[in-house]
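> Below are the sequence and a predicted model for it; my questions follow.
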Amino acid sequence: MRNKFDKQLATLNDEMIEMGSMIEQSIEKTIEALLNQDVELAKEAIAADEDIDSQEKKIESLCLKLLLQQQPVAKDLRLISSALKMITDMERIGDHAVDISEITIMLAGKPYINKLEHIQSMAKETTVMLVQSIDAYVNKNLEQAQKVIDQDDIVDNLFVSAKDELIRLIREDANNGEQAADLLMIAKYFERIGDHAVNISEWVIFSILGKHTYAYSK
């Protein structure tokens, strides 16, 4: 009985890795499309969201089956319930990739009003956070999960810098206002992706320690 359960848990782990990989690819396409004003690539990122949603439902179904059929306790229960929470955040990251890609398509007709340096840095940092949060789950790595949580301050500071830069551009020329507002939304979506990566990491820590806190003893 336990052997069958362990195989099902291994399957859950594989499906979580697959969903993480799908989201990473979507984010990578989203960032490349944004920086290069590539409409077709942005459309690919949008289309990928359907597969991400399907993967979320697949994992949700597997988790519910494990909960109902196996009635896990203690650490196994934490692992499964955490996976259910994590896929919600992962799916939201996919949604934000769609949001960014849709704005990218709207902005494709004109050159950007700035070099997107802060937004590009946000994109890089949040991608690292996402990858590390998934790796922390796979490897049951507390320190890696904590590192993602700590890294969120970097993203928050970059968001403030991006916002200040865009406000400055609006003050210099009111005609920059419409695009600046769209770029600010993109920056906000990246900031939210970072928040979701933090949520994933917090659930990783909960699955290991059974605590809703990331202040753990090393």
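Right, received. Where do you want to start? Since this is a predicted model, take the numbers as computed values, not measurements.
> so the spatially most central residue of the chain, which of the three states?
By Cα atoms, centre = their mean, the mean C-alpha position of the chain lies nearest to Ile93, the distance being 4.0 Å. When classified by DSSP: H, G, I helix; E, B strand; the rest coil, Ile93 comes out as helix.
> Break down the protein into its helices, ranges please.
2-36, 39-70, 74-107, 117-139, 142-172, 177-209 (DSSP state H).
> would a markdown table of those helices with mean pLDDT be doable?
Shown next, in a markdown table, are the helices of the chain (pLDDT from 0 to 100):
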| stretch | mean pLDDT |
| --- | --- |
| helix 2-36 | 93 |
| helix 39-70 | 95 |
| helix 74-107 | 95 |
| helix 117-139 | 94 |
| helix 142-172 | 96 |
| helix 177-209 | 96 |
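> is it true that the residue nearest to the centre of the chain touches Val131?
No - counting by Cβ atoms under 8 Å, Val131 is not a contact partner of Ile93; they are 11.5 Å apart. To be clear about C-beta, it is placed using only N, CA and C from the backbone, and glycine gets the same treatment.
> picking that back up, what separates the residue nearest to the centre of the chain from Ile208, distance-wise?
Going from Ile93 to Ile208 by Cβ to Cβ, to the nearest Å gives 22 Å.
> What of Met16?
Taking Cβ to Cβ, one finds Met16 at 15 Å from Ile208.
> swap in Glu28?
For Glu28, the distance to Ile208 (Cβ to Cβ) stands at 28 Å.
> next one: Ile149
For Ile149, the distance to Ile208 - Cβ to Cβ - is 14 Å.
> cool, Glu40 as well?
As for Glu40, its distance to Ile208 is 42 Å (criterion: Cβ to Cβ).
> before we move on, what about Thr104?
Thr104 is 38 Å from Ile208, by Cβ to Cβ.
> next one: Ala197
When Cβ to Cβ is applied, the distance between Ala197 and Ile208 equals 17 Å.
> Mind checking which of these two has more residues around it?
Neighbour totals were compared for Ala197 and Ile208, and Ala197 leads with 30 against 19 (other Cβ atoms under 10 Å).
> Asp135 is in contact with that one, correct?
No - using Cβ under 8 Å, Ala197 and Asp135 do not qualify as a contacting pair, with a distance of 11.2 Å.
> Just give the number of residues close to the residue nearest to Gly210 when sequence neighbours are not counted.
Distance criterion Cβ to Cβ, 6 or more residues apart in numbering; nearest residue to Gly210, sequence neighbours excluded, is Arg78 at 5.7 Å. When counting by other Cβ under 10 Å, one arrives at 18 neighbours for Arg78.
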